[in-house]
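I would like to see how this sequence folds:
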Amino acid sequence: MGTTKDLLRAKKEKNDEFYTQLSDIENELRHYKKHFIGKVVFCNCDDPEESNFWNYFSANFTRLGIKKLISTHFDFTKATYKLEMEMGDDNIPVTIKTPLSGNGDFRSPECIDILQEVDIVVTNPPFSLFQ
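Numbers count the residues shown, from 1 in each chain. Alright, predicted model coming up:
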């Protein structure tokens, strides 16, 4: 788990690779279950292959009544992807992977466009940009 010392070092080194533990996500978000019903949730710059935010929301998609879950993958050097989960015609969640034209930076025009269609953003902030 990250300490204040770790976060300050990450800020100095521009290293934002901190992953929130699933148990911490479950403990915090249990207070907000009703707020996710019928909402579009965006896990901005949360690699769905490693993000526990994506793991939590995708595993609890139906139980939380989420309308749509979106995550964008970030990579410093190459184009990446957007992953979306929504209810399919047969009432089973369907996942769609779409390439991004850029690197998935939360400040990029395509990620800002995604923000326009969502109700809730849940993610770790880039600690190196903390002011």
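
how close does residue 64 get to residue 107?
Separation of residue 64 from residue 107 (C-beta to C-beta, to the nearest Å): 28 Å. C-beta coordinates here come from the backbone N, C-alpha and C atoms, glycine included.

if you count what's nearby, which of those two comes out ahead?
residue 64 (20 against 10; other C-beta atoms under 10 Å).

quick one: residue 55 from residue 20, how far?
10 Å.

let me redo that: residue 63
20 Å.

how about residue 92, what does it touch?
By C-beta atoms under 8 Å, 6 or more residues apart in numbering, no residues touch residue 92.

put the alpha carbons of stretch 76-94 into CSV.
These are the backbone C-alpha positions of stretch 76-94, laid out as CSV (Å, rounded to 0.1, in the frame of the first residue of the first chain):
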residue,chain,number,x,y,z
PHE,A,76,3.1,6.4,-23.0
THR,A,77,4.4,5.3,-26.4
LYS,A,78,1.6,3.7,-28.5
ALA,A,79,-2.0,3.8,-29.4
THR,A,80,-4.2,1.9,-27.0
TYR,A,81,-7.9,1.0,-26.5
LYS,A,82,-11.2,1.7,-24.9
LEU,A,83,-13.1,-1.1,-23.3
GLU,A,84,-16.9,-0.8,-22.9
MET,A,85,-19.4,-3.1,-21.1
GLU,A,86,-23.1,-2.8,-21.5
MET,A,87,-26.1,-5.1,-21.4
GLY,A,88,-26.6,-7.1,-24.5
ASP,A,89,-29.9,-8.1,-26.1
ASP,A,90,-30.0,-11.4,-24.2
ASN,A,91,-29.7,-9.5,-20.9
ILE,A,92,-26.0,-10.6,-20.5
PRO,A,93,-23.2,-8.0,-20.3
VAL,A,94,-21.3,-7.6,-23.5
